[in-house]
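Q: Predicted structure and sequence below. I'll ask about it afterward.
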Amino acid sequence: MKYIIAIIQPDRVDEVLQLLEEKEIHLVTVSNVLGRGRQKGISEVYRSHKEAGSLLKKVKLEIALNDQFVKPAVEAITKGARTGQIGDGKIFVMELDECVRIRTGELDSAAIG
Amino acid sequence: MKKCKWIILSFIVVVFALLSAGVLFAEEAAVPTIDTGDTAWMLVSSAFVLLMTPGLAFFYGGLVRKKNILSVLMQCFMLMCLITIQWIIFGYSLSFGPDIKGLIGSLSWLGLKGVGLEPYPDYSATIPHQLFMVYQAMFAIITPGLILGAFAERMKFAAFCVFSLLWATLVYDPICHWVWAVGGFLRTSGALDFAGGTVVHINAGIGALVAALVLGKRQGYPGSISPPHNLPFAVLGAGLLWFGWFGFNAGSALGAGSLAVNAFVVTHIAACAAGMTWALLDWKFNSRPTMLGMITGAVAGLVAITPAAGFVGAIDAIWIGVGVSVICYFFVTVVKVKLGYDDSLDAFGVHGIGGIWGALATGLWASKSVNPAGADGLFYGNPGQLWIQFKAVAITAVYSFVVTFILLKLVNIVFKLRSEKQNERIGLDLTEHRESAYTLLD
């Protein structure tokens, strides 16, 4: 079992979710986050004062997966979120030790799906 | 305390007597004199109607997605500034200036030349001409504002500004002239439009339909468009609209008399009847009455009563309100979905359809017992009025449809109407205005 965290551009979310759906990956947790990368985002201007803002709006996807779904998930996210410009984001894949479905008490692989 | 009451009462009686004497004197002299009561009411009404545009901004702004609210507010505020200047320089002259063949006003009032502080009896004998002018300016502002509900979240700001200016000049001003100006051919034909059902709502509603068709759907419509991001804003906006509508309709009496009171009362009744009807329909068909449904119904009721406000009585206003909600509900929930166009905020479904119903309903329920200067409708023994109303609706709708279409195509060639795909996804607040409405951190 793996746990994927992906940080992507907010305007790519719909695309990524659709591609994940196509690979039959339905379980996703999505949150709005602020973060800092290497790119400069769209600057904002308030009464002529430019606010570059060191933190940019991003979206964080979190997905728990059985091993055979990891590759398709990474492919889907990469394909959907890539624009080729700085700031497209990152995908982190890590080991997942345990998973419990609260309603039934099922464990691990059975609980993820 | 009692003494105090009597003093106040007698003071009011004396003032009233003096005022009536003033009116009588004015009639004898046959020279238009400014009536302070009328002038006070029209000043307040003008401010009421102006407030409708920021109200509309919040009504629409609450319904769009988080990333686009500023673009909607910005478009509304831009219209307040832009259309006012247009109106002062040539819009008022085109609309209300001396008639040319029933089709358009001449340019002889360019830059408000000759539009002074004396009354102009052809339009309003008891208030300064400039007050009539500024009151009408508020109508010219909000009409293109209504259209933006159809292309919200996807139109470039520059294209919006140019389109709105052209639309105000080539669509609003001529239709306003036909219906309201002395010599305008629809006014001469006997069509009744008390406060702008045809000029404002049908006109803007049809323009909205064309805009929705020409610009095309938003990306992700209908599947993955998020629901309204701030319904309380929409409710606030609807409340401001309702409030402002008293100036819109009761102010259209152009004086502080019994006609204004009639318009005020029926306006309120129709909004209530329509809001309640929509809530009941929601309850029946969606199992719950919804907040958005209720305010949509109330606004539809206000739209429908607009042409009728000075011509129908209180009980008939209930039927106009009930009718508009039933028709618009069906249109927004069934017809729009079937046809598949993306009228983002139902500008056509509510203002276009509601306006058409209101104009026809005026031909049904108008009564000379309410306003001797009006006409009787079908239910008061004059079926011909319905036909006159229908013709006015059809002419307005066709003209608005054709000219709006041409203008959008022209503006598209020069400026491109649609924002870039990526900009649309990021949101117009950030891409068109370099601002965001909400921060993520406190």
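A: Arrived safely, thanks for sending. Residues are numbered from 1 along each chain as shown, chains lettered A, B, ... in the order given.
Q: which bits of chain A sit near chain B?
A: By Cβ under 8 Å from any Cβ of the partner chain, the residues of chain A that approach chain B are A:10-12, A:14, A:32-34, A:42-46, A:55, A:57, A:83. Yep, even glycine has a C-beta here, placed from its N, CA and C like the rest.
Q: switch to 6 Å and redo it
A: Counting by Cβ under 6 Å from any Cβ of the partner chain, the residues of chain A close to chain B are A:11, A:14, A:32, A:34, A:42, A:44-45.
Q: just these: which has the poorest pLDDT?
A: Among the residues of chain A next to chain B, residue A:42 carries the lowest pLDDT, at 68.
Q: Any buried residues in the lengthiest strand in chain A, and which?
A: Determined from DSSP state E, the single longest strand within chain A is strand A:56-65. Residues A:56-59, A:61, A:63-65 are the ones in strand A:56-65 that count as buried (16 or more other Cβ atoms under 10 Å in any protein chain shown).
Q: Looking at the residues you listed, which is nearest chain B?
A: Checking the buried residues of strand A:56-65 against chain B with Cβ to the nearest Cβ, the nearest one is residue A:57 at 6.4 Å.
Q: ok, that closest one - contacts?
A: When contacts are counted by Cβ atoms under 6 Å, 6 or more residues apart in numbering or on different chains, residue A:57 touches residue A:10.
Q: follow-up on the earlier one: so which of the buried residues of strand A:56-65 would you say is closest to residue B:46?
A: Nearest to residue B:46 among the buried residues of strand A:56-65: residue A:57, at 41.6 Å, using Cβ to Cβ.
Q: ok, now how distant is the residue in chain A that chain B sits nearest to from residue A:18?
A: Across chain A, no residue is closer to chain B than residue A:11, which sits at 3.5 Å (Cβ to the nearest Cβ). Going from residue A:11 to residue A:18 by Cβ to Cβ, to the nearest Å gives 13 Å.
Q: neighbour count winner among the two?
A: Neighbours were counted for residue A:11 and for residue A:18 using other Cβ atoms under 10 Å in any protein chain shown; residue A:11 has more, 22 against 14.
Q: I'd assumed residue B:427 was in contact with that one.
A: No. The criterion here is Cβ atoms under 6 Å, and residue A:11 misses it with residue B:427 at 7.9 Å.
Q: what's near enough to touch residue A:60?
A: A:7, A:31, A:33.
Q: quick one: the closest residue to residue B:89 other than its chain neighbours from residue B:85, how far?
A: Leaving aside its chain neighbours, residue B:89 sits nearest to residue B:111 (5.8 Å; criterion: Cβ to Cβ, 6 or more residues apart in numbering or on different chains). Applying Cβ to Cβ, the value for residue B:111 to residue B:85 is 11 Å.
Q: Likewise for residue B:211?
A: Per Cβ to Cβ, residue B:211 is found 23 Å from residue B:85.
Q: now do residue B:262
A: Relative to residue B:85, and taking Cβ to Cβ, residue B:262 is found at 35 Å.
Q: which of those two has more neighbours?
A: Under the criterion of other Cβ under 10 Å, the comparison of residue B:262 against residue B:85 puts residue B:262 first, with 23 against 13.
Q: In space, what's closest to that one - neighbours in sequence excluded?
A: Nearest non-adjacent residue to residue B:262, counting by Cβ to Cβ, 6+ apart: residue B:370, 6.0 Å away.
Q: And the buried ones among the residues of chain A next to chain B, selectable in ChimeraX?
A: To isolate the buried ones among the residues of chain A next to chain B in ChimeraX, judged by 16+ other Cβ under 10 Å, type:
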select /A:11,14,44
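Q: Of the residues of chain A next to chain B, which pair is most distant in space?
A: For those, the maximum inter-member distance is 27.5 Å, found between A:14 and A:45 (Cβ to Cβ).
Q: So which bits of the stretch 101-250 of chain B are right by chain A?
A: Within reach of chain A by Cβ under 6 Å from any Cβ, the stretch 101-250 of chain B has these residues: B:220, B:224.
Q: List the residues that contact the residue of the stretch 101-250 of chain B at minimum distance from chain A.
A: Residue of the stretch 101-250 of chain B nearest chain A, by Cβ to the nearest Cβ: residue B:224 (5.3 Å). Residue B:224 sits next to residue A:14 when contact means Cβ under 6 Å, 6+ apart.
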